[in-house]
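Engineer: no sequence on this one, just coordinates:
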RNA sequence: GCGCACGUAGCUCAAUGGAUAGAGCGUCGGCCUCCGAAGCCGAAGGUUGCUGGUUCGAGUCCAGCCGUGCGUACCA
């Protein structure tokens, strides 16, 4: 059971007796919380203060009435009223003990209830572009989305995971252009994917080159000139006599000068990039020969969309190589999807979407494009370009329509970079106007992965880091750590094969855990050293904690000679020390942690819980001898606590998509 | 310009409108003839960017300012 939920139910009953309307109950029951500080008990109810205000009675009096109306005797000690009207609750030791004992015969769920109101979720995550190698930016979407799928499913919801691949957009137009102009037939045959990647990168850099020369550089030069003029003007003005105004004016000058410096360095960077292309004999020649490449790429894309036979055939022929590569990556990450319906899947529905939007007067022509104008937005959502091509917004609308028709979900979650929040705001607004008001549409936004310098994580040369090499590096470092530790033992414990397996799990786990442990909405700094640290809130530490618990059972097996060293499901749990009690309470609160994750889709609540559980276990382990316990009954009880801790750690990590190791 | 995020210990980050804002790393001090010390026990470290407001109660909500990042009509 969910202890917090059970206590809240009791409070709901009591609140009704005090005259609170059923519709307002949750305003008050939501103020029943786990205590931040153990000295205030295990749970606290803070509802007497607002209720007292509402009823015009002293809060402490209301608290006393609530306490009198509560029927929590089976679960809690007599509630205490403290301060202005806090009601502090302490869970009874014997109730805790019997709950925990019950978990022993429930290895699948450890007392975590299935939700009473199951919903159907579609979770849209990962969604890489084909041919464009997956990079560090894809990891968060993939890892967070996968964890949310696992947790919602475990909670008893129906979950449909869908990988909405970018397999139909401009990036494939680049491949098409590359195939037609730069392909090496032999390489294309033998090393298809490598060649496609090469083509993508080549075309992309040429497009970038021309775009920079024609658009970005002039724009930046204009901005710089403007900034320089403003700076000159500001510094020419004589300072105002008023001290405060003078200070502000001086500050403006400083800011403007700083802006000029920044723009100059930006300009120098762009010029250097252009110069680098021109200095490269091959690249420079290609750039000169393909001056209109940007437009041409868009035309290739448009031709694909309009059903051009050649482009369709090339697309069919070369898409599979891209997909195979992705599947290998997902296999390594332990991520799977129920569906992989990419953008291409919806291409024949796009025309109909636009037509329908026009007929319903939601969309209209503007500057040659078909747009949906939305109240409160300066820019419209464009659903069809001047050249007739559709955009990802169009595809996203078609996708919503498809998902609603086929799966009838209660919620669709999009696990996508926060930079796309404007797009989703518009998409959801249009979807609601279009008739999909009943479904919960949520952008599960997350922050950028940064390097040590606080800027988006890149290699030293400025390229984005490929996902494969990222994983390799983490696993390599994990291997070094595992080997070093094992070598430091009097006698090595792990075989080479085992070391490799452990390193893979620790390395991949480290990356996933670091991602999940941070509040998803904020950016976070990527650091191998931090994520692979054996101390602190890391996957390695959690895995260590698990292995350490398991080692007790290894010892039991060795000593007793019994093949299975599990605890008896009928063991009695004894909670004679504060450490045992704290551990038992932590075990019971697993359900609450999962609940917190599902209410606002934040996996970091689960990592925080697991770290807390591991810490409670360490304290328990330090203070309470297990195998050398004073009595046989105490030994059985403590072994049971160890067993349940191991199970909860394993289960919790599994819900995050992280594998444990039995020893390391 | 407009819009959206964010600003918390030296660093990396938590915190559901609740009591004295918490962890880890780092620093300092204790604890291994004893189940994995990758640990435990303890100390130091904060005007939660600033100023107001709402509230019995604000890191959290509102307004204004300062700073950072991102986005802003035909890429995704």
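Structural biologist: Yep, that arrived. Everything quoted here is computed from the prediction, not taken from an experiment.
Engineer: what's near enough to touch the closest residue to RNA strand B within the stretch 351-500 of chain A?
Structural biologist: Here the residue of the stretch 351-500 of chain A nearest RNA strand B is residue A:385; by C-beta to the nearest atom of the strand that distance is 2.6 Å. Placement of C-beta: from N, CA and C, glycine included. Residue A:385 is in contact with A:369, A:391, counting by C-beta atoms under 8 Å, 6 or more residues apart in numbering.
Engineer: which other residues reach stretch A:23-42?
Structural biologist: A:4, A:7-9, A:11-12, A:15-16, A:20, A:43-47, A:50-51, A:80, A:82, A:86, A:88-91, A:582, A:585, A:589, A:592.
Engineer: Enumerate the positions of that stretch that are buried.
Structural biologist: Neighbour-count burial for stretch A:23-42 flags A:25, A:28-29, A:31-32, A:34, A:40-42 (criterion: 16 or more other C-beta atoms under 10 Å).
Engineer: Residue A:446: which of those is nearest?
Structural biologist: residue A:34 (26.0 Å; C-beta to C-beta).
Engineer: From residue A:580, how far out is the closest one?
Structural biologist: According to C-beta to C-beta, to the nearest Å, residue A:34 and residue A:580 sit 19 Å apart.
Engineer: How about residue A:315?
Structural biologist: 63 Å.
Engineer: So between the two, which is more surrounded?
Structural biologist: residue A:580 (25 against 19; other C-beta atoms under 10 Å).
Engineer: so the more buried one touches residue A:624, yeah?
Structural biologist: Yes: the pair residue A:580 and residue A:624 qualifies as a contact (C-beta atoms under 8 Å) at a distance of 6.0 Å.
Engineer: where do the contact lists of these two overlap?
Structural biologist: Common neighbours of residue A:580 and residue A:624 (C-beta under 8 Å, 6+ apart) are residue A:638.
Engineer: Which members of the contacts of stretch A:23-42 occur in helices, if any?
Structural biologist: Of the contacts of stretch A:23-42, the ones assigned to helices by DSSP state H are A:4, A:7-9, A:11-12, A:15-16, A:50-51, A:582, A:585, A:592.
Engineer: will you turn these into TSV that also has pLDDT?
Structural biologist: What follows is the ones in helices among the contacts of stretch A:23-42, written out as TSV (pLDDT from 0 to 100):
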residue	pLDDT
A:4	96
A:7	96
A:8	95
A:9	94
A:11	95
A:12	95
A:15	94
A:16	93
A:50	92
A:51	93
A:582	95
A:585	96
A:592	95
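Engineer: For ChimeraX, write the select line for the buried members of those.
Structural biologist: Selection of buried members from the ones in helices among the contacts of stretch A:23-42 for ChimeraX, criterion 16+ other C-beta under 10 Å:
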select /A:4,7,8,11,12,15,51,582,585,592
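Engineer: ok, now which ones touch residue A:230?
Structural biologist: Residue A:230 touches residue A:256, counting by C-beta under 8 Å, 6+ apart.
Engineer: Excluding its own residues, what touches the helix or strand where residue A:54 lies? List them.
Structural biologist: Taking DSSP states H and E as the criterion, residue A:54 maps to helix A:48-55. Here helix A:48-55 makes contact (C-beta under 8 Å, 6+ apart) with A:15, A:18-20, A:27-28, A:31, A:58-63, A:66, A:81, A:84-87.
Engineer: How far off centre is the helix or strand just after it?
Structural biologist: Note on helix A:48-55: by DSSP H and E, the next helix or strand toward the C-terminus is helix A:59-69. Offset of helix A:59-69 from its chain centre (C-alpha atoms, centre = their mean, to the nearest Å): 42 Å.
Engineer: Helix A:59-69 packs against which elements?
Structural biologist: helix A:3-17, helix A:48-55, strand A:80-82, strand A:86-89 (3 or more C-beta pairs under 8 Å, 6 or more residues apart in numbering; DSSP states H and E).
Engineer: Residue A:438: neighbour count?
Structural biologist: 9.
Engineer: Tell me where the stretch 101-250 of chain A has helices.
Structural biologist: Assigned helices in the stretch 101-250 of chain A, in chain order: A:136-154, A:170-181, A:185-190, A:192-211, A:217-236, A:243-279 (criterion: DSSP state H, counting those that start in this stretch).
Engineer: next structured bit after the helix or strand of chain A with the lowest mean pLDDT?
Structural biologist: Lowest mean confidence among the helices and strands of chain A (mean pLDDT, DSSP states H and E): helix A:243-279, at a mean of 76. Once helix A:243-279 ends, the next helix or strand along the chain (criterion: DSSP H and E) is helix A:281-289.
Engineer: Once you drop chain neighbours, what's closest to residue A:93?
Structural biologist: residue A:575 (4.9 Å; C-beta to C-beta, 6 or more residues apart in numbering).
Engineer: which SS class is the one you found?
Structural biologist: Three-state call for residue A:575 (DSSP: H, G, I helix; E, B strand; the rest coil): coil.
Engineer: Helix or strand: which one has the closest residue to RNA strand B within the stretch 451-600 of chain A?
Structural biologist: Distance from RNA strand B to each residue of the stretch 451-600 of chain A (C-beta to the nearest atom of the strand) is smallest for residue A:536, at 2.1 Å. Counting by DSSP H and E, no helix or strand carries residue A:536.
Engineer: For it, give me the backbone phi and psi.
Structural biologist: phi 90, psi -170 (degrees, to the nearest 10).
Engineer: Disregarding residues adjacent in the polypeptide, which is nearest to it?
Structural biologist: residue A:530 (7.9 Å).
Engineer: thought the one you found was touching residue A:538?
Structural biologist: Yes: in this structure residue A:530 lies within contact range of residue A:538 using C-beta under 8 Å: 7.5 Å.
Engineer: Which one's more surrounded, these two?
Structural biologist: residue A:538 (22 against 14).
Engineer: residues contacting the more buried one?
Structural biologist: A:510, A:513-514, A:517, A:530-532.
Engineer: Pipe the residues you listed into CSV and attach distance to residue A:504, pLDDT and secondary structure per row.
Structural biologist: Shown next, in CSV, are those (distance: C-beta to C-beta, whole Å; pLDDT from 0 to 100; DSSP: H, G, I helix; E, B strand; the rest coil):
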residue, distance to residue A:504, pLDDT, secondary structure
A:510, 11, 94, helix
A:513, 14, 95, helix
A:514, 16, 93, helix
A:517, 20, 93, helix
A:530, 20, 88, helix
A:531, 15, 90, helix
A:532, 13, 91, coil
